[in-house]
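Visitor: for reference, the sequence and a predicted model appear below.
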Amino acid sequence: MRGIVVAMECEAAAVRPHLREGDVIYLSGIGKVNAAAATQKAISDGADEIINVGVAGGFESEVEIFGVYEISRAVEYDFDLSEVNGTSPGVHDERDTPYFSLNTRGIFQSKTLGTGDKFGNGEENLPLLKSLGVGVRDMEGAAIAHVCEKAQIPFRAVKCITNIVGRGSTDSYAQNLKKALLCLSDALTSWM
């Protein structure tokens, strides 16, 4: 069984036409804890692969609005133990890298995903995100990758860009969401 984790009902609607027999959609809600809980539920239900499909923000030099990108690696950029143990931001105590690896199909250009629990227009995290090589930013993907790594379950993700980070993100997201979901659904024809 493939467990398909999505944050919002509109993302689930984009996925439904592409489901195979036995696929199950897990509507997590927005944020890292919600996504991790839904992923663990899917694994407990017997999923042998986890798929995350959704919309996300991106960085001007890395992506285009309405572009669809596979995620090759993900980082929880808001996880920071540097003051406790000197590790770099994103590095969990038990790991030596901030990145979680994902499987890709090679159908779309691959990007590094940065996940944090704040949707924002601010630029306070831009230097960190750039230093981590992040091209796409969301609020769920790296948490899903973390759970999958611990459970040794294959994981892949695809994102469609709704907004450019730091450039009127909130307004752009709202204006572009509907079209981005159509682009995402079209892309899933070959990717799922």
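Guide: Noted; the coordinates are in hand. Numbering: from 1, shown residues only.
Visitor: for this protein, longest helix please?
Guide: Counting by DSSP state H, the longest helix found in the chain is helix 169-191.
Visitor: what's that helix packed up against?
Guide: helix 9-15, strand 49-58, strand 68-76, strand 155-164 (3 or more CB pairs under 8 Å, 6 or more residues apart in numbering; DSSP states H and E). C-betas here are computed from N, CA, C, even on glycine.
Visitor: possible to save these as a markdown table with mean pLDDT?
Guide: Converted to a markdown table, the helices and strands packed on helix 169-191 look like this (pLDDT from 0 to 100):
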| stretch | mean pLDDT |
| --- | --- |
| helix 9-15 | 98 |
| strand 49-58 | 97 |
| strand 68-76 | 98 |
| strand 155-164 | 96 |
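Visitor: can you redo those as a markdown table with distance to residue 89 and mean neighbour count?
Guide: Converted to a markdown table, these look like this (distance: least, CB to CB, whole Å; neighbours: other CB atoms under 10 Å):
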| stretch | distance to residue 89 | mean neighbour count |
| --- | --- | --- |
| helix 9-15 | 28 | 18 |
| strand 49-58 | 19 | 25 |
| strand 68-76 | 9 | 24 |
| strand 155-164 | 21 | 26 |
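Visitor: who wins for proximity to residue 27 among the ones you listed?
Guide: helix 9-15 (5.6 Å; CB to CB).
Visitor: following the closest one, which helix or strand shows up next?
Guide: On the C-terminal side of helix 9-15, the nearest following helix or strand under DSSP states H and E is strand 24-27.
Visitor: would you mark the buried spots in that next one?
Guide: 25-26 (16 or more other CB atoms under 10 Å).
Visitor: remind me which residues of this protein are low pLDDT?
Guide: 120-122, 168-170 (pLDDT under 70).
Visitor: and the angle for the longest helix of the chain with strand 68-76?
Guide: 120 degrees (axes from the mean of the first three to the mean of the last three CA atoms, to 10 degrees).
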